[in-house]
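Undergrad: Whatever this is, show me its structure:
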Amino acid sequence: ALSLPPIIFFKDNFYSLYRVEGPSMEPALYHGDVLLVRKADVFPRTLWKRWSTTAAISSSSIEDDDDDDDDEEEMEECQNALRVMALDAESGRPIGDSFTEYTYLTPPAIHQLGSIIVFRAPDAAKYPSREFRVKRVVGLGGQLCRASDNYHRLERVPPFCLWVEGDNHQEFSGGNGSSCRSIDSRTYGPVCKNNVIGVAERIVWPPTRWGMLPCVTPA
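TA: Residues are numbered from 1 along each chain as shown. Down below sits the predicted model:
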């Protein structure tokens, strides 16, 4: 009984499990997959410092070798991450106060392009049985991203928000036999980071699909 409160605290603030519903994330995720979801950025200052240092080192390396495409991509990723965090800070969100940066930040606010997240859907009141969704991050705050719909419209993502879409862009059969497609930012717009539950890091069930979930950068 004494161990129950720490377990509940860990589940609420650090890691929990999420079961995938529906085919909207195929082929990366299938209906029934169980995901390990990280619900906090632990010691976020360490990550911010690593990004800053890597960006500086990569910038210096590129000056010596302009043909190194890998260094250019790494520097671009780090500088982009720093730019997104600066925009988040300007939006007045608590992403870097003196207590948080040395402990943990929940819900997680540091996201990579192409990662998979679990979040509370903005239209949860309309679909109460599907309150929580799992989608891929295809746009970060301040970025322009192209929506994967028939119009291929450009969308600017506001600070402290994410543009998310399902991997499966095709229509699929719904529960009542009708055709439907992934309900994501193309339907309800950007998702505020405050609505994020966590970042999906690994498939833990079934055993045949056990493995890490890599970030897949949108084309």
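Undergrad: contacting residues around residue 216?
TA: Neighbouring residues of residue 216 by C-beta atoms under 8 Å, 6 or more residues apart in numbering: 28, 114, 136, 167. For every residue, glycine as well, the C-beta is placed using N, CA and C.
Undergrad: ok, now which ones touch the second one?
TA: Right, the one you point to is residue 114. 136, 137, 138, 214, 215, 216, 217, 218.
Undergrad: just to revisit the earlier point, top of the contacts of residue 216 by neighbour count?
TA: The most crowded member of those, judged by other C-beta atoms under 10 Å, is residue 136 (26 neighbours).
Undergrad: Double-check it against residue 112; I have them as touching.
TA: No - contact criterion C-beta atoms under 8 Å: residue 136 and residue 112 do not qualify, at 10.6 Å.
Undergrad: Now do the same contact list for the closest residue to residue 22 other than its chain neighbours.
TA: Leaving aside its sequence neighbours, residue 22 sits nearest to residue 31 (C-beta to C-beta, 6 or more residues apart in numbering; 5.8 Å). Counting by C-beta under 8 Å, 6+ apart, residue 31 makes contact with 20, 21, 22, 23.
Undergrad: Sitting in strands, which of those residues do you find?
TA: Judged by DSSP state E, those include no members of strands.
Undergrad: would JSON lines of those with distance to residue 180 be doable?
TA: Shown next, in JSON lines, are the contacts of residue 31 (distance: C-beta to C-beta, whole Å):
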{"residue": "20", "distance to residue 180": "16"}
{"residue": "21", "distance to residue 180": "13"}
{"residue": "22", "distance to residue 180": "9"}
{"residue": "23", "distance to residue 180": "10"}
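Undergrad: Buried ones only from these, please, as a ChimeraX command.
TA: With 16 or more other C-beta atoms under 10 Å as the criterion, this ChimeraX line picks the buried residues out of those:
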select :20,22,23
